[in-house]
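S.K.: structure, please.
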Amino acid sequence: MGVIHKIGRRKTAVARVYVSEGTGVITVNKKPFATYFPTATLQYKVLQPMSMTENATNFDVKVNVYGGGSTGQAEAVRMALARVMCEVGEGNRAILKPEGLLTRDPRMVERKKFGQKKARKRFQFSKR
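M.R.: Residues are numbered from 1 along each chain as shown. As a prediction, this is how the structure comes out:
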């Protein structure tokens, strides 16, 4: 099979995933998976495409991820793994597509405009 390389993005986070056949070891930025994503929610998000396609223990995964926060990084890794699972098996796309794991979430932070406090909040106007 060799090594499959895919990229996933979410907000400003970018995840590069390298998947090869193995025993299910996941390393994120040269750290163990459970150390890098400590909460159960983030771990569930990352493992979702592999558990849905029943490949959780069939592959070794190496991830390089940067940018954004922890949730954005977890969802970027999830998208990259979903893309890998589609390439691994023919029927996996039919499983992952209805769950929305292959769709890039385009929502980004709106930029701050000059003359305003934030992106949409204005400075307070007083008549006195």
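
S.K.: neighbours around G24, how many?
M.R.: 14 (other C-beta atoms under 10 Å). All C-beta spots, glycine's among them, are computed from the backbone N, C-alpha and C.

S.K.: leaving aside the residues next to it on the chain, what's closest to it?
M.R.: T57 (3.9 Å; C-beta to C-beta, 6 or more residues apart in numbering).

S.K.: helix/strand/coil for the one you found?
M.R.: Under DSSP: H, G, I helix; E, B strand; the rest coil, T57 falls in the coil class.

S.K.: contacting residues around the nearest residue to K112 once chain neighbours are set aside?
M.R.: Once flanking residues are discounted, K112 sits nearest to A119: 5.4 Å by C-beta to C-beta, 6+ apart. Residues near A119 by C-beta atoms under 8 Å, 6 or more residues apart in numbering: 109-113.

S.K.: over to K113?
M.R.: Going by C-beta under 8 Å, 6+ apart, K113 touches A119.

S.K.: partner residues bridging K62?
M.R.: Y18, T27 (DSSP bridges).

S.K.: okay, it: pLDDT?
M.R.: Note on K62: pLDDT of 95.

S.K.: against N29, how distant is it?
M.R.: According to C-beta to C-beta, to the nearest Å, K62 stands 9 Å off from N29.

S.K.: ok, V65 next?
M.R.: 6 Å.

S.K.: okay, the two: which has more neighbours?
M.R.: A count of neighbours by other C-beta under 10 Å puts V65 above the other of V65 and N29, at 22 against 12.

S.K.: which element is the more buried one on?
M.R.: strand 59-66 (DSSP states H and E).

S.K.: how distant is that strand from the center of its chain?
M.R.: Chain-centre distance of strand 59-66: 11 Å, with C-alpha atoms, centre = their mean, to the nearest Å.

S.K.: in the helix or strand that that strand is followed by, what's buried?
M.R.: Using DSSP H and E, the helix or strand that follows strand 59-66 in sequence is helix 70-88. By neighbour count with 16 or more other C-beta atoms under 10 Å, helix 70-88 contains the buried residues 71-86, 88.

S.K.: name the surrounding residues that touch the helix or strand just after helix 70-88.
M.R.: Heading C-terminal from helix 70-88, the first helix or strand you meet, by DSSP H and E, is helix 92-96. Contact with helix 92-96 is made by 49, 52-53, 82, 85-86, 102, as judged by C-beta under 8 Å, 6+ apart.
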